[in-house]
Structures are given as C-alpha cells and as structure tokens.
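Asker: From the sequence below, what's the structure:
(chains A and B)
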Amino acid sequence: MKQAPLSRHQRQHSASFQPRWSTVWVAGAVATALLAASVLSDATRFLTDSLVLFIFILTLGLGSLFLVTLEHTVNATWSIPFRRISENLATLIPVSLVLSLPVLIGLGRLYEWTHSELVASDPILAGKSAYLNIPFFLVRFALFFCVWMAGYRMLVGRSRRQDRELQPNFTEQLSKFSPVFMILLVITITFAAFDWVMSLVPHWYSSIFGIYLLASCMVAGVALTTFVSVQVKMKGALPPEVGPDHFYNLGGLLFAFNTVWAYIAFAQFLLIWYGNLPQETIWYAMRTGNGWWAVSWLLIISHFIVPFVALLPRSAKTNLKRLRWVSAWVLAAHGLDIYWLIAPSVRTTSAPFGWQELWLPFAATAIGVMTWRWVARQAALIPVSDPRLESALHFHL
Amino acid sequence: MSEQERFEIVGAMALYGNPDELAEGILKAREGGFTRLDTVTPYPVHGIDRLLGNGPSRLGYMAAAAGLTATVVAKTAQWWVSAVDYPLNIGGNPLFALPAFVPVTFELMVLFASLTTVIGMLAVFNGLPSYGNALLKSRFIRDLTCNRYALVIDARDPKFHADRIEADLSGPAVQAVELLRRERPSVFYKERVLSVSFLVLILGVAIFASAATRLAFRYGGEIAPYNFMKHQTRLAAQQPARVGTATQSVVLAAPEGTIARGFLPYPYPGRPEEAGANLVNTLPVTAATLGRGRDRYTVFCQPCHGRLADGRGTLTAAFPKAPTLHSKKVREWGDGRIYATLTEGQNLMPSWESQVSRDDRWLIIHYLRVLQRSQNASEQDLP
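Answerer: Presented below is the predicted three-dimensional model:
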C-alpha cells in the first residue's frame, strides 16, 4: 500500500474555488421565469429548445467522458491533474437524462416519423419505419444511457475508489477498459446523433453526421474541462506544479479538436454542395433561408475562425486569461452549433431567434454550476492516489 | 606554424553524467554571467530550453508564413486553371468554386508548412549542414551521442576567457572540461556550405534514382498483381475483334450492303445535277427547325461563308476566300443541288456527310434560304 503523495490536496473542496450559489439561484430563477413564458407562448418551440438544451448538456458530459477515455487509452501523463475535473463534468450525462423528459413527452411534436398515418402515406418514411418507430427509439434511448452510465461508473467510480484504497492497479484496469469503451462510445454517439438530431428531417441523411456530433462532443468536452481547470487554477485550487506546460497541452487539444470539428463540418458541406442533389441540399437550404444565412455565417466565424486565430500563437495556449475566454467562447459557439443543428429542422418559418430562446443560456449556466458544485465536493479535485501523479506534476514540454 | 596558431578556440565544453547535473551546471553558468550557452545531449531533454533562457522558437512564424503563401498559391493556381485558362463546367457549379478549392488549399498548406518547418529547423535555426563543427572533433563525441551530457559555452561570450574557462566550468559533478578547437582556415581556403563532392553525390543519386525508377516501371511494372487492372477481357478501343479463342484474332468486315443506323446511302454520288432535279427538302419550316439550322450553319458554314453567307467568313485570312451564296446561280439552285454540294463537297469545300447529319444538312439549307431572302429582299417583302 502506497501512501498518498499529496495529502494537502486530499480534501480540498473548501468554498474558495467553488462558484457562488447565488449564480445558480439567479440564473435558475431567470431561466424558470422565461421558460414558463416560453411554454405558454409556443409549446412546440419550447420543446425544440428543450431538445437543444438536452443535447447541449449531454454533449458536454459525453465530451468530458470521451476525454477521460482518451487519456486512459493513450496513457497520458500530463493530463492527470485535470482528469478529475473531466470526470466530475461527465456527471452532466445523468443530469441530461432529466432534461430529456420534455423531449420524450413531446416526441410527437418534434419528430415527423412518429405519426403512423403520415408514415403509411410516405414510401420513404415507410421504408425507414423498421428503424424509426417509437418502441425501438425508446429501447435505443435506454441502451445508449445504459452504455454511457456503465462507462461513467467504471471510469469515475474506479478513479474515486483509488483515492481511498490507494490501488495502483486500477490505473492499469482503466487503460485496458478505455479502448473498448471508446469504440462503444463512438458507436452509441453516432446512433444517438442519427436518432435525436438527424431524424428531425427524416427524409434527409448524411453518413458523416454521427462523426459531426462526436466532433462537437469532443470540442465541447475539452472546452469545458479547459474552462473549469483555468478557473480553479486561478483560484489557487490546483497544485502549484500545474503550470504553463500543462495548460499548453490543454490549449493545444482545444485548438486541435476545434479544427477537427471544422474539418468534419466542412467535409459534410463540401460533398453535399458539390453533389448538388435536392434530397441532400434541403438540409442546408433550411439553414440558409429565413435569416438562417446569417446564423450559419456566425457559426463559421465564432466556432472556427475566432478560436483558430485566438489559439494559434504558442503563447496563447499558456496564457490563462486567454484560455479562459476562448474556452468560454467555444462553449457558447458549441451551444450555437447545437441550436443550428436542431432548430431550423423543426421551425422552418419564423426568425432564427426570439425571446423564447432567452432561457437557454440561463438554464445551461444554472445546470452547469449546480452540477459542478454538487459533484466537486464528493472527491478531491485531483486524483491524489494515481501512481503517475508525481511525474504528471513534474511534466515539462 | 605552431599548434596555437593553427587552431582557434571556438568554445568550451563541460561533461556531465546525467541531465539533472547538467541542469545545475547550466544554472551555475548563468549565475556566473555566461550568456551564449548551448547543450549537447543524446536525446531531447524536456525543459532545457527554459533553463538555457531561450525565448520561444520563431519557427512557428516561418511555418505560418509558408502556410499563408500556400493558401495564396493554391487559390490562385486553381482559379487560373479552372476559371481562366481552361474553364471547366462541373455539374453546373461556378467556375471559381470556393468550397471545391478548399481541400487542395488545405493539402498545399500542410505541405508547405511542414516542409518549411523541417527545412527551417535544420538549415536556418540549427545551421546544418555544418561539416566543420568543432564538436565533431571532440574526444567525447561518442559519449555525447550515448550517455553523457555536455554544456557548451561559445568563445564569443563576453565572459569567455580561454585561460580561465576550465576553472569557471569545473565543479564536483563535472566529469571533464574540454576546449573546443577548430583548424584556422588557410588564406586560400574558401568556406563553402555545399562542397563539390556533395553536389556530385546528389547528382549521382538523382540519376541513379531516375534510371532505377524508369527501369522498374518499364520492366518491373508488369508484375502481378500490380497489373491486374490493365488486363481485362473486354475490347479496348481500336482493338480488333476476337473470334473463337483468345489467341485467334480476325477483323470482322461488315457484310455487303450494311447501312449504319440513322444513315441512308446517298443515291446520286458524282451526279449533282441529277440530285438537284430529284431531291426535295421535306422538313417543315418552323422556329425550332430554323433555330437548329442556324445553330448548325454557325458551327460548320459560318467560318468560311460568313455570318450572312456573303463569303466574308472569319477564316478568310488563312483560307482561300469562299464564294458568296447570294449569287444568282446559288439562289436559283434547288435545295437538292445544294444538298449534293453539302454531301459531296465542291472545289475546296469538303464533304460534310460524316459530320453533319442528313436532317441537319436539310435544315442548314432552310436557314440558307432565310439568309438569301434577307440579303436580296424585294419590295413585296416589306410588311
């Protein structure tokens, strides 16, 4: 049995690095008020926005879990001081299960393929009905969450148990478990993307769509981990050894995954644009009409060009203040990305944004802060008994 | 010449047994005021740049410049090729199709940036190739590529004094201190980065590689399975038909009297007057048929006979002048007589039988009648 190397970090969940409860109360109250008004104003619109919030929170959680899986798979050393933060943020997966309730209740208002009389009169939808039907949809929904929660329990549970039980071989177990789980994660995210987002326009299909959402997940997970890590570092809650070299890698990952997202997004666009076939271009036509043209450009600029330029210089990735605003910016752009993926598919006529959407950022903030406060007090902020923590703290480029 | 005159001291080197001792040595040397420091290690030691006080590398700026250059080059080249020099209509997309040009731009950017990074790192920032480096003559060069770590101080450092440097560098962890010497060049010596022998070697390698590639493709290319695709059972263009076994090839001649689909044999070869007397233009005169006639006329007749059939074609500078078709003779010819000329040719005019279909020839004649009437209008033609 090995002694924990850093007992001073063992129980560091004092209020010093925690966001204030008042943030949750204020954001939550504003979100609830706006939400109530939105429900009364237009129920379908509210359901669409609920789907956006559900997918947004879910992708943040899945991205964080993916990052943990990736770190175990490649046996990364530098990232160990940040791993517990990603593990904590993966708790957004079970939280998003609660957010899926309005969507599940309102399936009929969101998804065209749930109407059997419409499916019967449409040969294309009838051909897809073996996959797109409500019972099978719910079975898959349950299956996806079972897989994710099993992986969550394994990765996060073992990591926390290691804190107490000082078992170095958990690290080895997880590095063997992670590659297998990563394959499951990629498959489930692909089909979840088909089920929950792509089937909003059931006639349309794009085989790269699953990877698109996976790339979204990854950039969201890295951005959220970066944001929280920088916040707790600036409040002095991370060990002093965690310095520019660690954050350089985190910033580099953010830069890389953001570029991967742009690559995948452009790949999908290029093929559809070049093929120029009506059954494929319809999806982009929905995103260029009715004022959505400006939103599409906003997405390109905010989700690719601004983070790319802001993170390109080497010095930017070690500059904590820059990292903080860029990661927050990418999170907002990711929210816009999810909104852009979902809203125009359901709401084809009205303007892109209205006051009905105002509750989304408040709700996301309240849920994020609340989840973090709740989960961060359950364990130490870094995996204190990881056998490689010592070398991780002394990591240099 | 004495030993001291033949060699100049270019620096001093202190040898350490492990990277931690080297790190302490670096700190000590910097405390002593030395500024021109470098290290030699068998592998990259993390964090050593910071210990040496090196600022961030400027290599990134070179890579960024190369990437931007590649963007401009790729976009310009694709624009020139696809929109200016050889405009290609692909699926009705615009000639300057920005999204379609992105992949090539991206690839070229990666290529330029990575090549610049490698070459810049080796040639610009590390000053390679450097045959005359004094380190190569060091007694410890074998150790330095294996299990020893050296701190090198450049002789141009203001604190560097050849007589004091050994004392300055020595310490408990230092295994040896060596002065690095380089042979002073003679007055006839001219320093060259690329020696003649090196260039000859490069040239030799280039010739050998080209010849080997050529021979390999010439004689080695026909090796299974790399040529499977080339050998297929279907007939290639211009290949004689195969009858019976694959080895027995005969040319199949068409049976006597065969008529190609869509063609009818011309009944009056060499007898244009007879054709004029017997052949009739049966095609209707409508806006559509006249349009088709004008289109075919513009493609096949207009270059020599001119837009108005007045013999002022665009090719008259290079070709003998074609006659006007408004002469009394041509106006009085029947349609069949003109058809005979189009089909068989006349004087310098070639036969158009193989290029202009039967119907198109008749439609050209319809359009020619329109031109003739337009240029020889009478008073009754006025509305």
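Asker: Let me see the mean pLDDT of stretch A:22-33.
Answerer: On average, the pLDDT along stretch A:22-33 is 89.
Asker: For the stretch 101-250 of chain B, which residues score under the pLDDT cut-off?
Answerer: Along the stretch 101-250 of chain B, the parts satisfying pLDDT under 70 run over B:185-194, B:221-228, B:240-250.
Asker: What residue in it comes nearest to chain A?
Answerer: residue B:102 (6.6 Å; CB to the nearest CB). From N, CA and C alone the C-beta is placed, and that goes for glycine too.
Asker: Check which helix or strand that residue maps to.
Answerer: Secondary-structure assignment from DSSP states H and E places residue B:102 in helix B:98-119.
Asker: Packing partners of the helix or strand following that helix?
Answerer: Downstream of helix B:98-119, the next assigned helix or strand under DSSP H and E is helix B:141-144. The contact analysis (3 or more CB pairs under 8 Å, 6 or more residues apart in numbering or on different chains; DSSP states H and E) places helix B:141-144 against no helix or strand.
Asker: let's see 10 Å
Answerer: strand B:7-16, strand B:37-40, strand B:149-154 (3 or more CB pairs under 10 Å, 6 or more residues apart in numbering or on different chains; DSSP states H and E).
Asker: contacts for the second one?
Answerer: Read that as strand B:37-40. Strand B:37-40 has contacts (CB atoms under 10 Å, 6 or more residues apart in numbering or on different chains) with B:11, B:13, B:15-16, B:19, B:22-23, B:25-26, B:29-30, B:45, B:48-49, B:51-54, B:135, B:138, B:140-141, B:143-145, B:148-154, B:157.
Asker: What is the neighbour count of residue B:87?
Answerer: When counting by other CB atoms under 10 Å in any protein chain shown, one arrives at 10 neighbours for residue B:87.
Asker: One more: residue A:194?
Answerer: Residues near residue A:194, counting by other CB under 10 Å: 19.
Asker: What residues sit buried inside the helix or strand harbouring it?
Answerer: Using DSSP H and E, residue A:194 sits within helix A:169-196. Buried residues in helix A:169-196, defined by neighbour count with 16 or more other CB atoms under 10 Å in any protein chain shown: A:170-171, A:174, A:177-178, A:181-182, A:185, A:188-190, A:192-196.
Asker: now stretch A:110-124
Answerer: Buried positions in stretch A:110-124, judged by neighbour count with 16+ other CB under 10 Å: A:110-114, A:119, A:122.
Asker: residue contacts, the closest residue to residue A:39 other than its chain neighbours?
Answerer: In space, and not counting its chain neighbours, residue A:39 is closest to residue A:46: 4.8 Å by CB to CB, 6 or more residues apart in numbering or on different chains. Counting by CB under 10 Å, 6+ apart, residue A:46 touches A:35-40, A:102, A:106, A:109, A:356-357, A:359.
Asker: Inside helices: which ones of those?
Answerer: A:35-40, A:102, A:109, A:359 (DSSP state H).
Asker: Return the member of those residues nearest to residue A:289.
Answerer: residue A:109 (21.9 Å; CB to CB).
Asker: so which strand or helix has the closest residue in space to the closest one that isn't next to it in sequence?
Answerer: Nearest residue to residue A:109, sequence neighbours excluded (CB to CB, 6+ apart): residue A:44, at 4.9 Å. Residue A:44 is part of helix A:43-73, with elements assigned from DSSP H and E.
Asker: could the ones in helices among the contacts of residue A:46 be laid out in CSV, adding neighbour count?
Answerer: Putting these into CSV (neighbours: other CB atoms under 10 Å in any protein chain shown) gives the following:
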residue, neighbour count
A:35, 20
A:36, 12
A:37, 14
A:38, 22
A:39, 17
A:40, 9
A:102, 18
A:109, 15
A:359, 25
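Asker: which one of those sits closest to chain B?
Answerer: Nearest to chain B among the ones in helices among the contacts of residue A:46, with distances taken as CB to the nearest CB, is residue A:109, at 34.9 Å.
Asker: For residue B:57, give me its contacts.
Answerer: Residue B:57 sits next to A:314, B:49, B:120-121, B:125 when contact means CB under 10 Å, 6+ apart.
Asker: One more: residue A:89?
Answerer: Contacts of residue A:89 (CB under 10 Å, 6+ apart): A:60-61, A:63-65, A:67-68, A:220-221, A:224-225, A:227-228, A:368, A:371-372, A:375-376.
Asker: go again using 6 Å as the cut-off
Answerer: Residues near residue A:89 by CB atoms under 6 Å, 6 or more residues apart in numbering or on different chains: A:64, A:224.
Asker: what's the answer for residue A:134, then?
Answerer: residue A:114.
Asker: Can you give the distance from stretch A:137-155 to the centre of its chain?
Answerer: 16 Å (CA atoms, centre = their mean, to the nearest Å).
Asker: re the thing from before, from the ones in helices among the contacts of residue A:46, pick the one nearest residue A:285.
Answerer: Using CB to CB, the ones in helices among the contacts of residue A:46 come closest to residue A:285 at residue A:109, 22.6 Å.
Asker: Name the residues of chain B found near chain A, please.
Answerer: Proximity of chain B to chain A, by CB under 6 Å from any CB of the partner chain, involves residues B:46-47, B:56, B:60, B:91, B:99.
Asker: Save those as a markdown table, and put in distance to residue A:239, secondary structure and neighbour count too.
Answerer: Shown next, in a markdown table, are the residues of chain B next to chain A (distance: CB to CB, whole Å; DSSP: H, G, I helix; E, B strand; the rest coil; neighbours: other CB atoms under 10 Å in any protein chain shown):
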| residue | distance to residue A:239 | secondary structure | neighbour count |
| --- | --- | --- | --- |
| B:46 | 18 | coil | 13 |
| B:47 | 17 | coil | 14 |
| B:56 | 25 | coil | 11 |
| B:60 | 29 | helix | 16 |
| B:91 | 58 | coil | 10 |
| B:99 | 47 | helix | 15 |
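Asker: Brilliant, that's me finished.
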